[in-house]
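Engineer: Predicted model, plus sequence, below.
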Amino acid sequence: MSTKVPIVENVLKLNDELALQNRELFQRSGVFAVDLIGAPGAGKTALLEFTLRQLKDVINIGVIVGDPATSRDGDRLAKYSRHIVQVNTGSGCHLDANQVRHAMDKLKLADLDVLIIENVGNLICPVSFNLGQHCKIGMFSVSEGDDKAAKHPNLVVSADLLILNKMDLIPYIPFDLARFRQDVEHLNRAAPLLEISVVRNQAASWLDWLTARAGQQKSFRKAGKHKEKAVARSQR
């Protein structure tokens, strides 16, 4: 039994090292990278379809889609963008940094402003694996019940942004919105909570958040390039 702890630690250490390499690639390319985590049926792929449609003339978005099997989600998104890569994990319950790195080889990062990694539908396993992303997003839906945030605190605590989808269902199913909000605030007061309905096209807050963060990343990239040029001139 004592040998299992070092093995797990070594796996996570190797993953973190690869994640750091991914992060460096994102930084050099000026790409804002997001890890989107949510349960099956939360509406992750629908959100991405909506995002690609709405922002097609604003920012260039690529997506890495993680699923145990089939290319159905990737095919759905490919209707709106050519920057789509499907990753099938088989029995794996999450994406890891190595899988993301190989998927990135099929994308031209220089053509992208944003890369969204749609993780495997799971609220537990993906939380522990750093992919090199700038932000981790936890996505819930009204149809899952108002206790999901409290039952999955690790996701809420580690998230930089939280999304509650399917707000249009509030009048029709039992869901204590005040209780959900309280659970989120108790666990993570720093992360904004966006309440949206993708099916009703009511997700402007999400679009505003994403475009703002993409713009910030572009600014960081430009500032870094100016600094590199200034250093180069000073060394001549």
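Structural biologist: Cool, got the structure.
Engineer: now this protein, which segments are flagged as low pLDDT?
Structural biologist: Across the chain, the ranges flagged by pLDDT under 70 are 1-9, 219-236.
Engineer: Was I right to think Lys148 contacts Gly138?
Structural biologist: No: with contact defined as C-beta atoms under 8 Å, Lys148 does not count as touching Gly138 (9.6 Å). Quick note: C-beta positions are derived from backbone N, CA and C, even for glycine.
Engineer: Mind listing the shared neighbours of those two?
Structural biologist: Shared contacts of Lys148 and Gly138, defined by C-beta atoms under 8 Å, 6 or more residues apart in numbering, comprise Leu123.
Engineer: any idea where the strands of this protein begin and end?
Structural biologist: For the chain, the strands defined by DSSP state E cover 32-38, 61-67, 84-88, 114-118, 135-141, 161-165, 193-195.
Engineer: From Asn165, how far off is the residue most central in space within the chain?
Structural biologist: The residue lying closest to the centre of the chain (C-alpha atoms, centre = their mean) is Asp35, at 2.2 Å. Using C-beta to C-beta, to the nearest Å, Asp35 is found at 17 Å from Asn165.
Engineer: and the spatially closest residue to Arg200 that is not a sequence neighbour, what is it in contact with?
Structural biologist: In space, Arg200 comes closest to Asp168 once its chain neighbours are excluded; the distance is 5.0 Å by C-beta to C-beta, 6 or more residues apart in numbering. Neighbour list for Asp168: 197, 199-200, 202 [criterion: C-beta under 8 Å, 6+ apart].
Engineer: can I get those residues in TSV with neighbour count and distance to Ser143?
Structural biologist: TSV is the format used below for those (neighbours: other C-beta atoms under 10 Å; distance: C-beta to C-beta, whole Å):
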residue	neighbour count	distance to Ser143
Ser197	18	12
Val199	15	11
Arg200	10	14
Gln202	14	16
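Engineer: one step back: quick one, which of Lys148 and Gly138 is more surrounded?
Structural biologist: Gly138 (30 against 21; other C-beta atoms under 10 Å).
Engineer: Enumerate the beta-bridge partners assigned to the more buried one.
Structural biologist: Ile37, Leu162 (DSSP bridges).
Engineer: isn't it right up against Ala42?
Structural biologist: No: with contact defined as C-beta under 8 Å, Gly138 does not reach Ala42; the gap is 9.6 Å.
Engineer: Tell me which stretches of this structure form helices.
Structural biologist: Ranges of helices within the chain are 4-29, 44-54, 72-78, 97-104, 148-151, 153-158, 177-187, 204-234, based on DSSP state H.
Engineer: could these be laid out in JSON lines, adding distance to Val120?
Structural biologist: Shown next, in JSON lines, are these (distance: least, C-beta to C-beta, whole Å):
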{"stretch": "helix 4-29", "distance to Val120": "15"}
{"stretch": "helix 44-54", "distance to Val120": "10"}
{"stretch": "helix 72-78", "distance to Val120": "11"}
{"stretch": "helix 97-104", "distance to Val120": "10"}
{"stretch": "helix 148-151", "distance to Val120": "17"}
{"stretch": "helix 153-158", "distance to Val120": "13"}
{"stretch": "helix 177-187", "distance to Val120": "22"}
{"stretch": "helix 204-234", "distance to Val120": "21"}
